[in-house]
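K.L.:
sequence unknown, structure follows:
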């Protein structure tokens, strides 16, 4: 009879993650997700609001949106509507060095972190919320609708690695670059070559 409670606990533990937040497809699963009822429409006119300290991350986001829309979005230092990239040292207790807070509302998207690394990982989560073919079929008239959400996340493990053994099967430079892009999308931070 003691086996039955143990089996029941295992089954409940396995199904818990499928019950909560089943519509959110962010890998790895964030620490906290709060869904809203509105949505944000991302289109070719969406601006990126960024300061000098997040310039590299803004340029990276521009390249993603350029692939999707066929034209570069504007980067501005001030503005209300658009995608805001914000460094905020005051949230370091919540986000750590690599965490972020991603907030999508009806009027804008905000990616906030204590470090630029966290901003980068917040961009990766935003990419995962977009349609799968978003970056690969440029169309000037295309737009993407993203549901209102607030994601607070930080890595559970400091070492998140992928290993590639090219000594036996040579992949080539383009394949390795593609693997690095996929690692970034999944927020892996160590490449064993």
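P.N.:
All right, it came through fine. Quantities reported herein were computed from a predicted structural model and do not represent experimental measurements.
K.L.:
gap between stretch 155-168 and the chain center?
P.N.:
19 Å (CA atoms, centre = their mean, to the nearest Å).
K.L.:
which outside residues touch that stretch?
P.N.:
The set of residues that contact stretch 155-168 without belonging to it, under CB atoms under 8 Å, 6 or more residues apart in numbering, is 28, 96, 98-99, 121, 171, 176, 179, 183, 187-193. For every residue, glycine as well, the C-beta is placed using N, CA and C.
K.L.:
report the buried members of these.
P.N.:
Neighbour counting over the contacts of stretch 155-168 (16 or more other CB atoms under 10 Å) leaves 96, 98-99, 121, 179, 183, 187-189 as the buried ones.
K.L.:
out of those residues, which sit inside strands?
P.N.:
Nothing among these maps onto strands, per DSSP state E.
K.L.:
columns pLDDT on top of those, output as a markdown table?
P.N.:
Output for the buried ones among the contacts of stretch 155-168, formatted as a markdown table (pLDDT from 0 to 100):
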| residue | pLDDT |
| --- | --- |
| 96 | 92 |
| 98 | 94 |
| 99 | 96 |
| 121 | 97 |
| 179 | 89 |
| 183 | 90 |
| 187 | 92 |
| 188 | 90 |
| 189 | 87 |
